[in-house]
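>>> I need the structure of the sequence given here:
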Amino acid sequence: MNTLLIFIWVLTSFIVMAFLDAVIEGPNSWGRKTYGWKFKITKRISLTEYHLCFWTFIIMLAFLPLIIYGFDKKVFGILISAFSLGFILEDFAYFIVNPYFGLKKFNSKIVKWYPWIKIGKIEIPFSYIIGILIAVLSWYFLWR
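Here you go, the predicted model:
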């Protein structure tokens with residue numbers, strides 16, 4: 001079993017997801033004008049039916065190797081790491097590929113649906129830090 005291939009498979013699926021997400025949402029980020037229900041989680045964040053279905057699909061796709069190969073601790077660790085990094089990659093790529101946004105709009109003044117952390121002059125969504133932490137811990141305890 002080629003673990004690098006699995007890792008690349010998952011990350012590639014997240015990049016494809018970024019393109020699809022940008023096409024579906026256009027200028028209406030975070031599913032503001034998509035159809036279906038919306039459930040408010042916090043002041044900033046809502047769960048939309050669109051995002052729930054979208055993420056369920058990507059999780060099913062990402063974890064396909066476990067169905068194909070059966071449960072394996074190492075593969076599970078790779079998938080958790082790749083999924084955690086894939087979330088960050090998809091989100092960041094969304095801003096690059098969506099013509100209504102771009103990197104200049106990737107900041108806490110415009111992207112208000114995330115809590116941000118400022119480190120000096122650099123801002124980073126808090127969820128990115130959590131994703132990196134999960135990926136590293138998964139690699140350390142399950143993959144290596």
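
>>> what about the strands in this structure?
Remark: strands assigned in the chain by DSSP state E are 38-40, 46-48, 116-119, 122-125.

>>> can you check the pLDDT for the spatially closest residue to residue 115 that is not a sequence neighbour?
Counting by CB to CB, 6 or more residues apart in numbering, the nearest residue to residue 115 once its immediate chain neighbours are dropped is residue 126, at 4.5 Å. To be clear about C-beta, it is placed using only N, CA and C from the backbone, and glycine gets the same treatment. We have a pLDDT of 95 for residue 126.

>>> the protein: helices as residue ranges?
For the chain, helices defined by DSSP state H occupy the ranges 3-25, 49-62, 64-69, 73-97, 126-138.

>>> would you mark the buried spots in the last one?
By neighbour count on 16 or more other CB atoms under 10 Å, the buried set for helix 126-138 is 128, 131, 134-135, 138.

>>> which of those residues lies closest to residue 10?
For these, the minimum distance to residue 10 (CB to CB) is 11.2 Å, reached by residue 135.

>>> pull the helix or strand with minimum mean pLDDT from this protein.
Ranked by mean pLDDT, DSSP states H and E, the weakest helix or strand in the chain is helix 64-69, scoring a mean of 81.

>>> nothing else from me, thank you.
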